[in-house]
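# no sequence on this one, just coordinates:
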């Protein structure tokens, strides 16, 4: 029969040479029971407990080997457990098992820096099927063995690689198709963040039923920026991936570009046409507009007929010109015959 721990002695009545220590972390038994050793500060304490034989032993209540122990499940049958080293010890060992198993399994692949172990890579088991993961650290401190115990739920910290995705055009929509999760598909929810035209983005969701894709209305005048993140739902546990790298689709264009272009091009085109028309008109002006009598003279003749007739009479305009007779003297002077004529006679 397994019983809960009982404190049966204190500093006053326990001989120093018969003292059994317990860790101030969790102790593995039928249940994991957490103690607060600060309550017994300065005391030597004996704890009687029925427990698994491999987990019982003499440990130091004073020292912690590690702290901040966390385990992250990141791929099929793969999980990493990491910790911060509190007490440097050359013989630090990591052990783990499932609640249904009594045999501790040692870490095979350690993660660390030099000789300092800061993590363990676990593989080969479906850790998400564990109800709880029991973890034991062993080492020594000042010649005495130290054992720290921890209890972790693998489903409380699940992650994966950021989903890969493609962007395609289908009709008037953009189709964002993401890759499938590589484990526990029913437990994942994808967040698809889409922004356009440098505006604040909108968040879409994709699940297994939608084949991990979303449709987004497409505006040709905008550039779209897309990124995807996988979230492990609270129905199965907790955790998420990092955001994927941003992919861009299309280019930003001014929605009023055609109107602005028309407002610039049309006036320029009209101006050019007018200049060409004026040049052609000047060149062929005589053909296009031949000279005609000035109509104003006709109207002037009609209204000023009497006046002009009078002036014509005064100036003898319109009368036949009769030249005046030229007076010539009628005197005749007869010269005598030449002497030459007398001699010939």
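Cool, the structure landed. These numbers were taken from a predicted model, which means no experiment stands behind them. Numbers count the residues shown, from 1 in each chain.

# which residue ranges form the strands in the stretch 201-345 of the chain?
Counting by DSSP state E, counting those that start in this stretch, one finds strands in the stretch 201-345 of the chain at the ranges 202-206, 213-217, 224-232, 247-249.

# Adding distance to residue 191 and mean pLDDT as columns, could you present the ones you listed in TSV?
Every C-beta, even on glycine, is put in place using the N, C-alpha and C of the backbone. Putting the strands of the stretch 201-345 of the chain into TSV (distance: least, Cβ to Cβ, whole Å; pLDDT from 0 to 100) gives the following:
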stretch	distance to residue 191	mean pLDDT
strand 202-206	6	94
strand 213-217	10	94
strand 224-232	5	95
strand 247-249	15	93
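
# got a markdown table for the ones you listed, with distance to residue 158 too?
As requested, the strands of the stretch 201-345 of the chain are exported to a markdown table (distance: least, Cβ to Cβ, whole Å):
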| stretch | distance to residue 158 |
| --- | --- |
| strand 202-206 | 18 |
| strand 213-217 | 23 |
| strand 224-232 | 4 |
| strand 247-249 | 25 |
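
# how about residue 183, what does it touch?
Residues in contact with residue 183 (Cβ atoms under 8 Å, 6 or more residues apart in numbering) are 75-76, 128, 160.

# cool, residue 137 as well?
With contacts defined as Cβ under 8 Å, 6+ apart, residue 137 is in contact with 65-66, 83, 92-95, 146-150.

# buried subset of those residues?
The neighbour-count test (16 or more other Cβ atoms under 10 Å) applied to the contacts of residue 137 identifies 65-66, 83, 92-95, 146-150 as buried.

# I'd like the residues you listed written out as JSON lines, with pLDDT and distance to residue 218 added.
Rendered in JSON lines, the data for these read as follows (pLDDT from 0 to 100; distance: Cβ to Cβ, whole Å):
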{"residue": "65", "pLDDT": "89", "distance to residue 218": "58"}
{"residue": "66", "pLDDT": "92", "distance to residue 218": "53"}
{"residue": "83", "pLDDT": "94", "distance to residue 218": "49"}
{"residue": "92", "pLDDT": "92", "distance to residue 218": "57"}
{"residue": "93", "pLDDT": "93", "distance to residue 218": "58"}
{"residue": "94", "pLDDT": "95", "distance to residue 218": "52"}
{"residue": "95", "pLDDT": "94", "distance to residue 218": "56"}
{"residue": "146", "pLDDT": "87", "distance to residue 218": "63"}
{"residue": "147", "pLDDT": "89", "distance to residue 218": "61"}
{"residue": "148", "pLDDT": "91", "distance to residue 218": "57"}
{"residue": "149", "pLDDT": "90", "distance to residue 218": "57"}
{"residue": "150", "pLDDT": "91", "distance to residue 218": "51"}
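
# Return the member of these nearest to residue 264.
Looking at the buried ones among the contacts of residue 137 and their distance to residue 264, the nearest is residue 83, at 67.9 Å (Cβ to Cβ).

# for the stretch 1-150 of the chain, what spans make up the strands?
Counting by DSSP E, counting those that start in this stretch, the segments of the stretch 1-150 of the chain that form strands are 6-7, 26-27, 33-34, 47-48, 66-75, 78-85, 93-98, 105-106, 109-113, 116-123, 133-141, 144-152.

# Minimum distance to residue 264: which of the ones you listed has it?
With Cβ to Cβ as the criterion, residue 264 lies closest to strand 66-75 of the strands of the stretch 1-150 of the chain, at 57.3 Å.
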